[in-house]
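Enquirer: What follows is a predicted structure for the sequence shown.
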Amino acid sequence: MEQSSLNFEFLREHDELLARIGTLAEASLYSDPSNTLAKSRIFAEKTVDRVYRAFNLPPAFGGTLVDRLNQDSFKSVVPRTVLDKLHTIRIQGNKGAHDVKANTSTAAAILREVFDLARWVYVMFW
């Protein structure tokens with residue numbers, strides 16, 4: 001049975017993948033906060049992909065997430081507050097993905113950033 005989340009369910013009708021990633025990030029908050037951070041980073045990556053496609057932005061040299069976030073064309077279409085959230089999620093997500101022991105409070109704070117990002121995506125694209 002597919003997991004669902006009241007916090008990310010509003011995305012499902014528009015983007016099944018983002019809804020699923022948000023749900024997975026939320027589901028592991030208490031059992032595996034490192035996984036929450038890693039899934040949060042994936043959510044950020046998929047959001048950046050959506051922005052690049054929607055605005056037909058040129059590929060970033062290097063192609064990593066940080067390269068893509070630092071691309072002038074990307075920064076010109078994304079509000080500074082969203083860009084800051086993306087960088088915060090990226091940094092903490094890297095820690096989670098590379099087996100740094102995460103704590104629940106950090107993962108919960110990042111999950112709130114992901115939820116804010118999800119709301120921005122919803123308003124921006126639907």
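Expert: Perfect, I can see it now.

Enquirer: only C-alpha atoms for contact and neighbour calcs from this point on.
Expert: OK.

Enquirer: Now name the helix or strand holding the nearest residue to E9 once chain neighbours are set aside.
Expert: Nearest residue to E9 in three dimensions, chain neighbours excluded: A19, at 6.0 Å (C-alpha to C-alpha, 6 or more residues apart in numbering). Following DSSP states H and E, one finds A19 within helix 16-27.

Enquirer: what does V82 give?
Expert: helix 80-97.

Enquirer: what's the closest non-adjacent residue to S73?
Expert: L57 (6.5 Å).

Enquirer: hang on, the earlier thing: ok, now which ones touch the residue nearest to E9?
Expert: Counting by C-alpha atoms under 8 Å, 6 or more residues apart in numbering, A19 touches F8, E9, F10, L11, R12.

Enquirer: Just the pLDDT for it.
Expert: pLDDT for A19: 96.

Enquirer: my read: K39 touches N94, true?
Expert: No - K39 is beyond contact range of N94, at 10.0 Å (criterion: C-alpha atoms under 8 Å).

Enquirer: Leaving out chain neighbours, which residue sits closest to L65?
Expert: Closest to L65 by C-alpha to C-alpha, 6+ apart is E45, at 6.7 Å.

Enquirer: Cool, thanks, talk later.
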